[in-house]
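Asks: Based on what follows, work out the 3D shape:
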Amino acid sequence: MRTLLTPLHLFSILLITMPLARAEVVLPEIFQDHMILQQGVPNCIWGTAEPGERVTAGFAGQQVSAKADHDGNWKLYLAPLAASSEPRELTVEASNRIALQDVLVGEVWWASGQSNMATGIRQSRGDQQKVFAAQKDNKRVRAYIRGKWYLLSEQATQTSAVAFFFALKLEQTLDVPVAYVVVAQNGSKIEPFVPPAEAEAYELGPKSSKIYNERVAPLTDYAIKGVIWYQGESNRGADNYFDSLKALYSGWSRVFEMPELPFYQVQIAPFNKQEEKTSLISDSVWAAQYRAAEEIPGMGIIPLHDTGISVKRIHPRSKQPVGERLAALALKHQYGKDVVTTGPVFSRAIRQSDKILVRFDHVDEGLTTTDGKSPSYFELSSDGKNFVEAEARIKGEHVEVMAEGVSEPEFVRMGWFDIAIPNLTDKNGWPVFAFPAQPVE
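Replies: Numbers count the residues shown, from 1 in each chain. As a prediction, this is how the structure comes out:
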C-alpha cells in the first residue's frame, strides 16, 4: 500500500531541502558610486548583515573584515588613504557583493545651516553662475545631498552655492578631490541640529534635535575634515544663541569624535525689510557668533556685509566670496597655507582731546573704504544707549571719530544695527568687522 504525503510532510521536506534565507549585507545610502573618502584618517564603513556573518571590504589594495553582531550591525575601518583622483572600485562582500564605482579620495567637508547654505547656484548672481557652468566637467568636486552623490554636471538645481565655491577653492588650491555633504534646512533654527544629550544639558527646549536625529546622526561615522555653517537668521532676537552654538559644537565634536572640530561660520547679513534705521534684532546673534569664534577652539567666522548686500533680501545673492572666505580659514588652519583669514577687528578706543582714535587688530595692507568716501556707520554715545552718528577719518591703520553734540563720548560702535553696511575695509579686500558699543579709554 502506497504511503500518502500529507501537507505537513510536504512542508517539513521543503524546510529541510530549501536553502535558508539570509540577510544580505546592506550599506547606508551615503555609500554610492561617485563618493569621496577622507584622506589621511581611518575611514569607517558600516552596515547590516546576517548576525555572526563576516563582512569584507576591499579598496585600494586593502582587504578589511568584521563580524556582524547579534543584531546584524557591523563596522570596519580602512587604513588611512592618500588623496587620489583615480576612479576606483570599493567592494563590500558577505553573502552578497556590493561594488561601488568611481570612488575618489580627498577632502570631505560638512556644509550645514539654513536656507543661505541650502541656496543653489541658480539663485546666485549671473557671473557666479558662469563660474559654476565652466566647472561642469570637473569630476573632482562632488556633493552628497539628501541621499545622493552628485557630480557637478548633475548639480545645477541641487547644490549649495556657498559649499560649491568653498569646495572649488580647496580643490584648485590643494589639487585633490573635494566633497561637501549638505545638511541644510530652509527656515530652521539652530536647535534642531543639536544632539539630544547637549540639547538637554543646555536646556534648549522640546523642539531640539529633530534634524540631528533624522539627517545628522545616520552619517556621523562618515569621516570628514570639518564643518562650514551658515545659519542664524531664524534665531534673530534670541538671547541664547551662544549657548546653542556651544551646544551644537560640543555635540558635533563628540559624535564626529573630533575634539577640536574645525567649524567655520558665516556672520549673518544686515537685514530689515522695512529698512528701519534704529532696528536692532540681529545683534544678539552677531555677538554670539563673535564670542563663539573667540572662545571655542576650532571655531572661526567670516564677514560678508561688503558682498553687495541688499538689506531687504535675507538671502544675499553673492555666494562666491562667502565660500572663498570660508575656504581661506580652512586653507590656513587645516592645510597650512599662507592666506589672509580675517578682516580688521576692533582693538581699542582712545580719547584724544575732542576725538576718539579707534585702533584695530589684523590690519594687513592698510585701511580704505569700498566707495572712496569717509568711513561710515561710526557712532558715539555718552551713556552706551543713545548713539549719535559720527564723522570718521582714516589715519593710517586707525580711524579718528568725532560727533557734534557728544562732548564727552564714553562709547563707540560701528555698523551695529540691522541695516548698516559699513564701507571700511582692509586694502586686501577683507572688510572690517562691525562692532558693538565699546568703552573709550
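
Asks: residues touching K373, list them.
Replies: K373 sits next to N423 when contact means C-beta atoms under 8 Å, 6 or more residues apart in numbering. C-beta here means a position set from N, CA and C on the backbone, and glycine is covered the same way.

Asks: likewise V401?
Replies: Contacts of V401 (C-beta under 8 Å, 6+ apart): K355, I356, L357, V358, F378, L380, A390, E391, A392, V412.

Asks: Tell me what it is bridged to.
Replies: Beta bridges link V401 to I356, A392, judged by DSSP bridges.

Asks: Can you check the pLDDT for it?
Replies: At V401, the model reports a pLDDT of 98.

Asks: what's the spacing between it and S374?
Replies: 10 Å (C-beta to C-beta, to the nearest Å).

Asks: shared neighbours, these two?
Replies: E391, A392.

Asks: got the contact list for the spatially closest residue to A201 that is not a sequence neighbour?
Replies: Of all residues not flanking A201 in the chain, A247 sits nearest, at 7.0 Å (C-beta to C-beta, 6 or more residues apart in numbering). Counting by C-beta under 8 Å, 6+ apart, A247 touches V194, E198, A199, A201, Y202, L204.

Asks: check which helix or strand covers the residue sitting nearest the centre point of the chain.
Replies: Central residue of the chain (C-alpha atoms, centre = their mean): I228, 1.7 Å from the mean position. Using DSSP states H and E, I228 maps to strand 226-230.

Asks: what's downstream of the helix or strand bottoming out on mean pLDDT in the chain, the next helix or strand?
Replies: In the chain, no helix or strand scores lower on mean pLDDT, DSSP states H and E than helix 7-17, which sits at a mean of 50. Where DSSP H and E defines the elements, the next helix or strand beyond helix 7-17 is strand 36-38.

Asks: Please pick the buried ones from the contacts of V401.
Replies: Applying 16 or more other C-beta atoms under 10 Å to the contacts of V401, the neighbour count classes K355, I356, L357, V358, F378, L380, A390, A392, V412 as buried.

Asks: would you turn those residues into CSV with pLDDT and distance to Q32?
Replies: Formatted as CSV, these follow (pLDDT from 0 to 100; distance: C-beta to C-beta, whole Å):
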residue, pLDDT, distance to Q32
K355, 93, 62
I356, 97, 58
L357, 98, 58
V358, 98, 53
F378, 98, 53
L380, 97, 58
A390, 97, 57
A392, 98, 55
V412, 98, 54
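
Asks: Tell me the buried residues in stretch 70-85?
Replies: G72, W74, L76, Y77, L78, L81, A83, S84.

Asks: Please save the CA atoms from the helix or strand harbouring A57 in CSV.
Replies: A57 is part of strand 54-59, with elements assigned from DSSP H and E. C-alpha atoms of strand 54-59 as CSV (Å, rounded to 0.1, in the frame of the first residue of the first chain):
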residue,chain,number,x,y,z
ARG,A,54,31.8,38.0,8.3
VAL,A,55,31.8,41.1,6.1
THR,A,56,34.8,42.1,4.0
ALA,A,57,35.5,45.5,2.4
GLY,A,58,38.1,46.0,-0.3
PHE,A,59,39.6,49.2,-1.6
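
Asks: Need the contacts of A247 in CSV (columns: secondary structure and pLDDT).
Replies: Listed next are these as CSV, based on DSSP: H, G, I helix; E, B strand; the rest coil; pLDDT from 0 to 100:
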residue, secondary structure, pLDDT
V194, coil, 97
E198, helix, 96
A199, helix, 95
A201, helix, 95
Y202, coil, 94
L204, coil, 91
